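Enquirer: Sequence and computational prediction follow.
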Amino acid sequence: QLQLVESGGGLVQPGGSLRLSCAASGFTLDYYAIGWFRQAPGKGREGVSCIRSGGSSINLADSVKGRFTISRDNAKNTVYLQMNSLKPEDTGIYYCAAGRGCSGYVPGYSYWGQGTQVTVSS
């Protein structure tokens, strides 16, 4: 069974950091682009960052530039999202998704995880 599982979410104070993980089972991530998306309450799903199979990455949201870093460890079949200087507006459910190329559009990805909650609040 093909599956993506996110972990690492939680409650953090403004200015804090979290590292999210996206682990794959049932398939290898080596040949996929992996995107991170987030969804705030009452809003649509927004692309955050994406890393291509070759390792290059792009930001999908201007609001996270300089604060979020995406990386991948193919040996562990896992992609990470390091989030620093977190703000209350970063609050939401964070999803990872696998696709053939990086895109900020939800239909561009074939496989999705169940999401992990990130709450930034004092």
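Expert: Okay, I see it. Numbers count the residues shown, from 1 in each chain.
Enquirer: quick one: the helices in this protein?
Expert: Using DSSP state H, the chain contains no helices.
Enquirer: residue nearest the centroid of it?
Expert: What sits nearest the mean C-alpha location of the chain, by Cα atoms, centre = their mean, is residue 36, with 2.6 Å.
Enquirer: ok, how many other residues are close to residue 77?
Expert: 16 (other Cβ atoms under 10 Å). For glycine as for every other residue, the C-beta is placed from the backbone atoms N, C-alpha and C.
Enquirer: Quick check: closest non-adjacent residue to it.
Expert: Distances taken as Cβ to Cβ, 6 or more residues apart in numbering place residue 24 nearest to residue 77, at 4.9 Å, with adjacent residues excluded.
Enquirer: now that neighbour: how far from residue 15?
Expert: 31 Å (Cβ to Cβ, to the nearest Å).
Enquirer: more neighbours, the two?
Expert: residue 24 (22 against 11).
Enquirer: what bridges to the more buried one?
Expert: residue 4 (DSSP bridges).
Enquirer: contacting residues around it?
Expert: 2-5, 77-78, 98 (Cβ atoms under 8 Å, 6 or more residues apart in numbering).
Enquirer: Now flag whichever of the residues you listed is closest to residue 122.
Expert: residue 5 (29.3 Å; Cβ to Cβ).
Enquirer: Number of residues surrounding the closest one?
Expert: Around residue 5 there are 14 residues (other Cβ under 10 Å).
Enquirer: pLDDT value on it, please?
Expert: Note on residue 5: pLDDT of 97.
Enquirer: Touching, it and residue 77? I think so.
Expert: No: using Cβ atoms under 8 Å, residue 5 makes no contact with residue 77, being 10.7 Å away.
Enquirer: tell me, what's touching the two both at once?
Expert: Joint contacts of residue 5 and residue 77 (Cβ under 8 Å, 6+ apart) are 23-25.
Enquirer: Against residue 116, how distant is residue 30?
Expert: 23 Å.
Enquirer: Those two - which one has more neighbours?
Expert: Ranked by neighbour count (other Cβ under 10 Å), residue 30 and residue 116 place residue 116 first, with 21 against 11.
Enquirer: Much appreciated, bye for now.
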